[in-house]
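S.K.: My questions are about this predicted structure, shown below with the sequence.
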Amino acid sequence: MNTLEFAIQMEMEGRKYYLEQAEKNQDNALNKVFKILADSEKEHEELLRRRLNKEEYTLKEDDSIKEINSVFHELKDYEVNDFRSTTQLDVYRLAVDIEEKSIELYQEMLQDADNDKDKELFEFLIREENRHLIMFDELVKMLTRPEEWVESAEFGLREDY
């Protein structure tokens with residue numbers, strides 16, 4: 001299996017994971033977030049397949065993050081505890097791990113790229129996966145910070161949020 005085939009497999013696994021999480025979260029707003037991310041991973045897979053098959057492709061910035069942000073704004077009506085169970089936090093942390101691994105792979109592929117078209121593709125995928133990473137990282141922070149602040153709110157310097 002070459003690097004592109006591995007990247008395609010990784011995108012397929014990411015999509016499968018997000019679809020599983022969408023299924024598990026049918027009763028809340030995160031269902032939509034996971035479906036959006038699954039669609040994004042599918043688009044990445046298709047781009048990589050086109051590159052592998054030496055077909056033409058067009059890089060289109062993914063505006064789904066705006067849609068995801070609006071979903072998170074809707075979550076203000078929910079209790080933080082609804083999304084902070086150990087299981088859910090593990091899901092978000094695993095998503096962070098998935099996105100970090102994708103970024104690392106695409107950075108390696110970018111370094112090995114020998115033409116501008118490939119470099120442009122891998123830079124694009126790094127940006128896309130980085131957006132996903134930031135979103136999940138912020139979600140983890142949002143859900144764990146109340147515990148951190150309550151433990152010792154009067155001691156030490158705290159990052160504003």
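M.R.: Nice, I can see it. Numbers count the residues shown, from 1 in each chain.
S.K.: just the CA coordinates of stretch 110-123, formatted as CSV?
M.R.: The C-alpha coordinates for stretch 110-123 follow below in CSV (Å, rounded to 0.1, in the frame of the first residue of the first chain):
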residue,chain,number,x,y,z
LEU,A,110,3.8,17.5,1.6
GLN,A,111,7.5,17.2,2.4
ASP,A,112,7.8,14.3,-0.1
ALA,A,113,5.7,16.0,-2.8
ASP,A,114,7.7,16.7,-5.9
ASN,A,115,5.2,19.0,-7.8
ASP,A,116,3.2,22.0,-7.1
LYS,A,117,-0.2,20.3,-7.7
ASP,A,118,0.5,17.7,-5.0
LYS,A,119,1.9,20.4,-2.6
GLU,A,120,-1.3,22.4,-3.1
LEU,A,121,-3.4,19.3,-2.3
PHE,A,122,-1.6,18.3,0.8
GLU,A,123,-1.5,21.9,2.1
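S.K.: Touching that stretch from outside, list them.
M.R.: T3, L47, R51, Y57, L59, Y106, Q107, M109, I126 (Cβ atoms under 8 Å, 6 or more residues apart in numbering). C-beta here means a position set from N, CA and C on the backbone, and glycine is covered the same way.
S.K.: From these, which land in helices?
M.R.: T3, L47, R51, Y106, Q107, M109, I126 (DSSP state H).
S.K.: Spit out the contact partners of the fifth one.
M.R.: So the one you mean is Q107. Here Q107 is in contact with F122, I126 (Cβ under 8 Å, 6+ apart).
S.K.: could you say which helix or strand contains the spatially most central residue of the chain?
M.R.: Residue closest to the average C-alpha location in the chain (Cα atoms, centre = their mean): H132, at 2.8 Å. Element membership for H132, per DSSP states H and E: helix 116-151.
S.K.: Give me the buried subset of the ones in helices among the contacts of stretch 110-123.
M.R.: The neighbour-count test (16 or more other Cβ atoms under 10 Å) marks L47, R51, Y106, M109, I126 as buried among the ones in helices among the contacts of stretch 110-123.
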